[in-house]
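Colleague: Here is a sequence with its predicted model. Questions after.
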Amino acid sequence: MTERRASLDWLKALLITFVVVWHARPWLLDAQAPFLARACFGFFYFHATTLAVPTFLLVSLYLYFQGREAKPGYFGRRMARLLQLYLFWTLTQWLTSWAFTGELAPLTFSHVLQGGPSLPYVGGSVFYFLSDLLVLTVLAEGYARLGPAWRARAGWAVAGFATGFVGLEQAYGIPSYIGLEFFVLYVPAAFHAKELARHGRAFALAWFAFACLESWLIAVHGLEVRTYCRYSNICGALALMGYALSLDLPRRGAVETLSRLSLGVFAVHKIPQSLAHMALAALATPQAALAPSNPQLLALFACTVLGTGVMLWAMDRSPLRRFIR
């Protein structure tokens, strides 16, 4: 049986913290704040917290390859597990949206790909992650079955396609619903994860350089970029994974618990967040829920964290436990 790596627990705990902070954003600076402070806040929100989803994909694929080596028949069991999670959470998303809005969203191909409809005030479903992971796991199994020579060719071809797509998307605005065109890069990256451990510092420097360049292009030239379809995002995810595999970090109970519950936090946190915004809109105005002040943002963030904790506590003590771990 594969030994649990403490460094991956630390990484997953950091990533799920990034997810909640990115979505809830407990503090924002207005145009009157000092430029350096605004630049640092913006850099952290847009270039650091957004590393969570691609790095989670990378970790999941890495663990899949590890499990595949240790457990015969792992592919079938893994696909069944991912499909179960996808169906449960997509249905939950649909029913939650219906309960919150009073309207049942139509069954469209876009909603199926994205894991359900949006929730009020907090945007789209997060379960596109499971859609991506289902497809990427199939591709990972195929990649692992290739012979060494064909695998090397396929890896370079995938890397070229994914990085080329990022450039084309930024230049021409090519649409992508769930990001598979560039997330596919993480299949060969996860398979060759030991190389990431040796080059973590190089990827970190590339992340910082691309992040600065993208920030300049956005601020000066009005470049429109998507959250994950960026060279900085790719390099940052590879850097984080590389550092996690190269570091020998101590075990901590709280970190391991947060790591084990990262799926649950990811899945449920937008529900209390949406409820908190709806409560603010009812107590104040709908505009306040759309553009809350910083004290209101802190209160919304606290409600999100508290509500997520209560939901996970209840689910962990019920038959639904298997959907949050």
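Modeller: Received the coordinates, thanks. Numbering: from 1, shown residues only.
Colleague: pLDDT weak spots in the stretch 201-325 of the chain?
Modeller: Scanning the stretch 201-325 of the chain for pLDDT under 70 picks out nothing.
Colleague: how about the helices of the stretch 201-325 of the chain, start to end?
Modeller: All helices of the stretch 201-325 of the chain, identified by DSSP state H, counting those that start in this stretch, fall at 231-246, 253-260, 262-268, 270-283, 286-290, 294-315.
Colleague: In a markdown table, list the ones you listed along with mean neighbour count and distance to A37.
Modeller: (C-beta placed from N, C-alpha, C; glycine too.) Output for the helices of the stretch 201-325 of the chain, formatted as a markdown table (neighbours: other C-beta atoms under 10 Å; distance: least, C-beta to C-beta, whole Å):
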| stretch | mean neighbour count | distance to A37 |
| --- | --- | --- |
| helix 231-246 | 24 | 21 |
| helix 253-260 | 15 | 29 |
| helix 262-268 | 23 | 29 |
| helix 270-283 | 19 | 25 |
| helix 286-290 | 14 | 24 |
| helix 294-315 | 16 | 13 |
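Colleague: Kindly reformat those as JSON lines containing distance to G147.
Modeller: Listed next are the helices of the stretch 201-325 of the chain as JSON lines, based on distance: least, C-beta to C-beta, whole Å:
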{"stretch": "helix 231-246", "distance to G147": "25"}
{"stretch": "helix 253-260", "distance to G147": "35"}
{"stretch": "helix 262-268", "distance to G147": "34"}
{"stretch": "helix 270-283", "distance to G147": "43"}
{"stretch": "helix 286-290", "distance to G147": "55"}
{"stretch": "helix 294-315", "distance to G147": "44"}
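Colleague: S60 is nearest to which of those?
Modeller: Comparing those against S60 with C-beta to C-beta, the closest turns out to be helix 262-268 (9.9 Å).
Colleague: Show me what that closest one is in contact with.
Modeller: 12-13, 15-16, 19-20, 56, 85, 89, 92, 126-127, 129, 258, 308, 311-312, 315-316, 323-325 (C-beta atoms under 8 Å, 6 or more residues apart in numbering).
Colleague: rerun at 6 Å
Modeller: Under the criterion C-beta atoms under 6 Å, 6 or more residues apart in numbering, residues 12, 16, 19, 89, 308, 311-312, 324 lie in contact with helix 262-268.
Colleague: swap in stretch 186-206?
Modeller: Contact with stretch 186-206 is made by 57-58, 61-62, 65, 136, 139-140, 143, 155, 158, 235, 238-239, 241-243, 245-246, as judged by C-beta under 6 Å, 6+ apart.
Colleague: in this structure, which residue is closest to the centre?
Modeller: The chain has V53 as the residue nearest its centroid, 1.8 Å off, counting by C-alpha atoms, centre = their mean.
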